[in-house]
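Student: here is a sequence with its predicted model. Questions after.
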Amino acid sequence: MSHSLLVTLHLFAAILFVGTVFFEVLILEGIRKPLGREAMRNVELAIGRRARRIMPFAMIVLFGAGLGMAWQFRESLAHPFASSFATLLWIKIILAFSVLGHFITAMTLSGTGKLKSRHFQLIHISVFCHVVLIVFLAKAMFYLTW
């Protein structure tokens, strides 16, 4: 698959995933207190149901395209400390797999009915921090050198 197509697929899936995370952290967390515990719990359950339908596909595209792009940089990745690009790409990949772990945890807890509001908050804040770093690294790895 061409690099341009992989980048485009990766970008659209990232927009969907990162946009959702930003919405949940920056918008939903701001309405938690005014809505109250019960209403917020209903919102979280509804979002969880919708996310279980959409996000697995976004994650498959995101990781599939990401792995395809990483394969094209396999020579750089084989030597993680040989260049700033390789080091930053490795950090980005590690963060991405951490996000995947968070996502799987949230989906599993949500699917079994064990996702509590506190879990929802903590997972989203952690994923938010991860994706902010990933977005920064996506650009930084092409511009930062040492």
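Tutor: Nice, thanks for sending it over. Keep in mind the model is a prediction, meaning the values are calculated, not measured.
Student: now the top helix by length along the chain: mean pLDDT?
Tutor: Using DSSP state H, we find that the single longest helix of the chain is helix 37-72. Helix 37-72 carries an average pLDDT of 91.
Student: and the helix or strand following that helix, how far out from the chain middle?
Tutor: Using DSSP states H and E, the helix or strand that follows helix 37-72 in sequence is helix 74-77. Offset of helix 74-77 from its chain centre (Cα atoms, centre = their mean, to the nearest Å): 23 Å.
Student: residues in contact with helix 74-77?
Tutor: Residues outside helix 74-77 that contact it (Cβ atoms under 8 Å, 6 or more residues apart in numbering): A70, A82, S83, F85, A86, L89, W90, I93. Placement of C-beta: from N, CA and C, glycine included.
Student: what sits closest to the fifth one if chain neighbours are left out?
Tutor: By the measure of Cβ to Cβ, 6 or more residues apart in numbering, the closest residue to A86 outside its immediate chain neighbours is S76, 4.3 Å from it.
Student: tell me which other helices or strands the worst-scoring helix or strand of the chain on mean pLDDT touches.
Tutor: Sorting the helices and strands of the chain by mean pLDDT, DSSP states H and E puts helix 32-35 at the bottom, at a mean of 88. Applying 3 or more Cβ pairs under 8 Å, 6 or more residues apart in numbering; DSSP states H and E, we find helix 32-35 packed against no helix or strand.
Student: can we see that at 10 Å?
Tutor: Other helices and strands packing on helix 32-35, by 3 or more Cβ pairs under 10 Å, 6 or more residues apart in numbering; DSSP states H and E, are helix 37-72, helix 117-143.
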